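> After the sequence you'll find the predicted model.
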Amino acid sequence: MKIENANHIHAALRAQGITCRSWSISHGYHPRTVLDCIQMFAPCTGRKPIRPLAKQIIVDLSETINFDLIGANDE
């Protein structure tokens with residue numbers, strides 16, 4: 001599945017039977033922080049996280065949905 005925007009990230013989580021909120025809590029993140037990271041660093045934005053927490057959230061999301069969100073803009 002090609003992930004291009006924030007809605008695709010949410011859909012990929014839902015396809016695995018989890019919500020963004022439940023994923024956030026199970027990984028020890030505040031749900032609003034995860035939502036903000038998804039909105040700010042979705043592949044369509046062209047932005048990459050710099051701060052360690054944002055970077056870790058995106059890396060963990062990438063592992064969960066099996067799509068490299070950090071390097072997605074390099075394709």
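Thanks, I have the structure now.
> distance of residue 33 from residue 2?
With distances taken as C-beta to C-beta, to the nearest Å, residue 33 is found 25 Å from residue 2. In short, each C-beta sits where N, CA and C put it, glycine included.
> These two - which one has more neighbours?
Neighbours around residue 33 and residue 2, counted as other C-beta atoms under 10 Å, are more numerous at residue 33. The numbers are 13 against 8.
> Enumerate the positions of the strand or helix carrying that one that are buried.
Assessed by DSSP states H and E, residue 33 sits inside helix 31-41. For helix 31-41, burial by neighbour count (16 or more other C-beta atoms under 10 Å) applies to 34, 35, 37, 38, 41.
> chain center to that helix: distance?
Taking C-alpha atoms, centre = their mean, to the nearest Å, one finds the center of helix 31-41 at 7 Å from the center of the full chain.
> Show the average pLDDT along the helix or strand following that helix.
Where DSSP H and E defines the elements, the next helix or strand beyond helix 31-41 is helix 52-65. On average, the pLDDT along helix 52-65 is 96.
> Same question for stretch 28-42.
What stretch 28-42 shows for mean pLDDT is 96.
> Identify the residues contacting that stretch?
The contact list for stretch 28-42 (C-beta atoms under 8 Å, 6 or more residues apart in numbering) reads 3-6, 8-10, 20-21, 23-25, 47-49, 53-54, 57-58, 61, 69.
> So residue 46 versus residue 5, what's the distance?
Using C-beta to C-beta, residue 46 is found at 12 Å from residue 5.
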